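1. Below are the sequence and a predicted model; questions follow.
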Amino acid sequence: GGGGGGGGGGAVPHRLPALFDGVGVQAALKLAIDEAVDDAGVVRDSASDGLGEVRFAKRELAAAVRKSLAELVAKKGDSVLANRLPTLRADRFVLQVVAKQ
């Protein structure tokens, strides 16, 4: 599918002016870029078969990690965790632990 999922860095506004429309090669290049990059400047999963596959695999792996963490929390986390749900921070899964008082 197209759209969403990943992409690095902050969003960059779409900056390709309509000036390219009248020139053959540039118009084709602009169309190719428009198909690969969304209006927010994020590269679409559909930009290439390889990119789509890698992003899909990344989402599948993240889901498997979340499931494993949830199982671990269910077995051992009641007394030490402030929250049973793992969160993602800086591309890492983290668990909130209870602060000692």
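-> Here it is on my side, so go on. This structure is a prediction, so every number in the text was calculated from the model and none was measured. Residues are numbered from 1 along each chain as shown.
2. What helices and strands are in contact with the lengthiest helix in the chain?
-> In terms of residue count, the longest helix belonging to the chain (DSSP state H) is helix 49-76. Judged by 3 or more CB pairs under 8 Å, 6 or more residues apart in numbering; DSSP states H and E, helix 49-76 is in contact with strand 92-94. Every residue, glycine included, has its C-beta placed from N, CA and C.
3. What helices and strands are in contact with the strand it packs on?
-> Contact here means 3+ CB pairs under 8 Å, 6+ apart; on that basis strand 92-94 packs against helix 49-76, strand 87-89.
4. among the ones you listed, which is nearest residue 100?
-> Closest to residue 100 of the helices and strands packed on strand 92-94 is helix 49-76 (CB to CB; 17.7 Å).
5. returning to that earlier point: what pLDDT, on average, does the longest helix of the chain get?
-> Mean pLDDT, helix 49-76: 88.
6. ok, now which ones touch residue 70?
-> Each residue near residue 70 by CB atoms under 8 Å, 6 or more residues apart in numbering is listed here: 84, 85, 86.
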